[in-house]
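1. mind looking at a prediction? Sequence and model below.
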Amino acid sequence: RPRSLSGIQATSDSLHLGNYIGALQQFVAQQETSDAWYFIANMHAITVPQDPAKLRERTLLTAAQFIAAGVDPERSVLFVQSQVDAHPKLGWIMECVASEGEARRMTQFKDKSAKNEQVSLGLLTYPALMAADILLYQADVVPVGEDQRQHLELTRNLAERFNKRFGHTFTVPEPGIVKETAKIYDLQDPTAKMSKSAQSPAGLVGILDEPKAIAKKFKSAVTDDGTEVAFDREAKPGVSNLLTIYSSLAGVDMATAVEHFEGKMYGHLKGELADLAVETLAPVRERTLELLADRAELTRILAAGAQRAAEVADPTVAAAYERVGFL
Ligand code: ATP
Ligand code: MG
């Protein structure tokens, strides 16, 4: 079985529909066909300022949402990045394998450094730590959204560069990006990625939003000129985004989704999608709240996950240390 590995940052209380469709649904599906490893990226989270108490809470909340969405900690390894010391160890080596120019070319760095007043050095070196996250486990495939494609390409380059310079050490991973659903857009600005760090929550659908709030966000989603429900990213970005969400949540292909709404108005699409999203997310929300009621159990699951992760990650770091000439 191929090994699949991915992570989500602990940067908000609730994950959003983009995380759910672009990442979590893939994580759950991967469990059927691969050896699956998932982590909560709390070290990546502090590349932008975080309140310590909130970060701690969000780490547990994010773990609970993974499990509530269907990541099974018996079948998969679920852990917290900071609890496996191998991550920053290999991260440092990757910082020394990557060049400064490469890091500066990353669009995530450009976007986030433009948005934040104070830009940490960690925000620049983020992709080196991300490469370490992946290479430590010799992952074959990394299920992520489209926004992470560039970082993954860099990870592949760093793995190849290290292997060439020091001898074969790392598996070169493939991106697991599902083209159709890899980028879910903000409901109020369908040209911008739905993001935890969005300016306004109006276009951001949270997994933990109350059902009423979810319905309201869909019903007030920005649509486009014209009346025909059709998939056209250029001319109808709003409607196309709603159709993408519909096809993913309903589990049908785009042609079927478009056919389903033939001759109907935008309002009909919004209403039906609001119902479907509530139906999908309400059980995830309830399960998350249940899981949070037993924090000791969640903490235990994560500790067990970290132990299993270290069993694979530590020998990889030891091999890398040996190769670079650390005594
Ligand atoms: P932040 O704004 O803090 O970076 P984020 O919303 O981008 O948060 P991440 O934790 O950085 O979320 O990403 C977790 C996973 O979700 C990644 O695989 C990422 O590619 C995916 N993802 C994030 N946003 C979207 C989106 N709008 N559509 C599809 N996938 C997404
Ligand atoms: Mg992100």
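-> Perfect, thanks for sending it. Model, not experiment: these values are computed from the prediction. Ligands and ions are numbered 1, 2, ... in the order given.
2. ok, the closest residue to ligand 1 within the stretch 51-200 of the chain - contacts?
-> Residue nearest to ligand 1 within the stretch 51-200 of the chain: residue 145 (2.5 Å; CB to the nearest ligand atom). For every residue, glycine as well, the C-beta is placed using N, CA and C. If you count contacts by CB atoms under 8 Å, 6 or more residues apart in numbering, residue 145 has them with 18, 19, 22, 23, 177, 182, 183, 184.
3. recalculate using a threshold of 6 Å.
-> Each residue near residue 145 by CB atoms under 6 Å, 6 or more residues apart in numbering is listed here: 22, 182.
4. please enumerate the strands of this structure.
-> Ranges of strands in the chain, per DSSP state E, are 3-9, 35-41, 77-80, 141-143, 174-176.
5. my guess is residue 221 contacts residue 187. True?
-> Yes: proximity of residue 221 to residue 187 meets the contact threshold set by CB atoms under 6 Å, at 4.1 Å.
6. between the longest helix anywhere in the chain and strand 3-9, how many degrees?
-> Using DSSP state H, we find that the single longest helix of the chain is helix 295-324. Taking axes from the mean of the first three to the mean of the last three CA atoms, to 10 degrees, one finds that helix 295-324 is oriented at 120 degrees with respect to strand 3-9.
7. can you point out the buried residues in helix 295-324?
-> By neighbour count with 16 or more other CB atoms under 10 Å, helix 295-324 contains the buried residues 298, 301-302, 305-306, 308-310, 312-313, 316-317, 320, 323.
8. still on that earlier bit, just so I know, which of the strands of the chain lies nearest residue 50?
-> Nearest to residue 50, of all the strands of the chain, is strand 3-9, at 9.8 Å by CB to CB.
9. and the residue in the stretch 201-327 of the chain positioned nearest to ligand 1, what's its pLDDT?
-> Nearest residue of the stretch 201-327 of the chain to ligand 1: residue 204, at 8.7 Å (CB to the nearest ligand atom). pLDDT recorded at residue 204 is 97.
10. repeat that for residue 128.
-> 98.
11. re earlier: could the strands of the chain go into CSV alongside distance to ligand 1 and mean pLDDT?
-> Shown next, in CSV, are the strands of the chain (distance: least, CB to the nearest ligand atom, whole Å; pLDDT from 0 to 100):
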stretch, distance to ligand 1, mean pLDDT
strand 3-9, 3, 98
strand 35-41, 7, 98
strand 77-80, 14, 98
strand 141-143, 7, 97
strand 174-176, 9, 96
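12. adding mean neighbour count and distance to residue 107, write those strands out as JSON lines.
-> Below are these laid out as JSON lines (neighbours: other CB atoms under 10 Å; distance: least, CB to CB, whole Å):
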{"stretch": "strand 3-9", "mean neighbour count": "24", "distance to residue 107": "17"}
{"stretch": "strand 35-41", "mean neighbour count": "25", "distance to residue 107": "18"}
{"stretch": "strand 77-80", "mean neighbour count": "24", "distance to residue 107": "27"}
{"stretch": "strand 141-143", "mean neighbour count": "24", "distance to residue 107": "18"}
{"stretch": "strand 174-176", "mean neighbour count": "18", "distance to residue 107": "15"}
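13. of all these, which one is nearest residue 125?
-> strand 35-41 (14.0 Å).
14. what's the angle between the closest one and strand 3-9?
-> Comparing the axes of strand 35-41 and strand 3-9 via the same axes, to 10 degrees yields an angle of 20 degrees.
15. by contact count, what packs against the worst-scoring helix or strand of the chain on mean pLDDT?
-> For the chain, counting by mean pLDDT, DSSP states H and E, helix 107-115 ranks last in confidence among helices and strands (a mean of 94). Here helix 107-115 touches no other helix or strand, going by 3 or more CB pairs under 6 Å, 6 or more residues apart in numbering; DSSP states H and E.
16. give me the buried positions along it.
-> Those would be 108, 109, 112, 113, for helix 107-115 by 16+ other CB under 10 Å.
17. what about it, near ligand 1?
-> No: applying CB under 6 Å from any ligand atom, one finds helix 107-115 out of contact with ligand 1, separated by at least 7.4 Å.
18. isn't residue 89 up against residue 317?
-> Yes: contact status for residue 89 versus residue 317: in contact at 5.0 Å, counting by CB under 6 Å.
19. identify the contacts common to these two.
-> If you check residue 89 and residue 317 against CB under 6 Å, 6+ apart, no residue is contacted by both.
20. show the average pLDDT along the longest helix of the chain.
-> Here helix 295-324 scores 98 as its mean pLDDT.
21. equivalent analysis for stretch 263-271, please.
-> Per-residue pLDDT over stretch 263-271 has a mean of 95.
22. tally of neighbours for the closest residue to residue 184 other than its chain neighbours?
-> Nearest residue to residue 184, sequence neighbours excluded (CB to CB, 6 or more residues apart in numbering): residue 18, at 3.8 Å. Using other CB atoms under 10 Å, residue 18 has 25 neighbouring residues.
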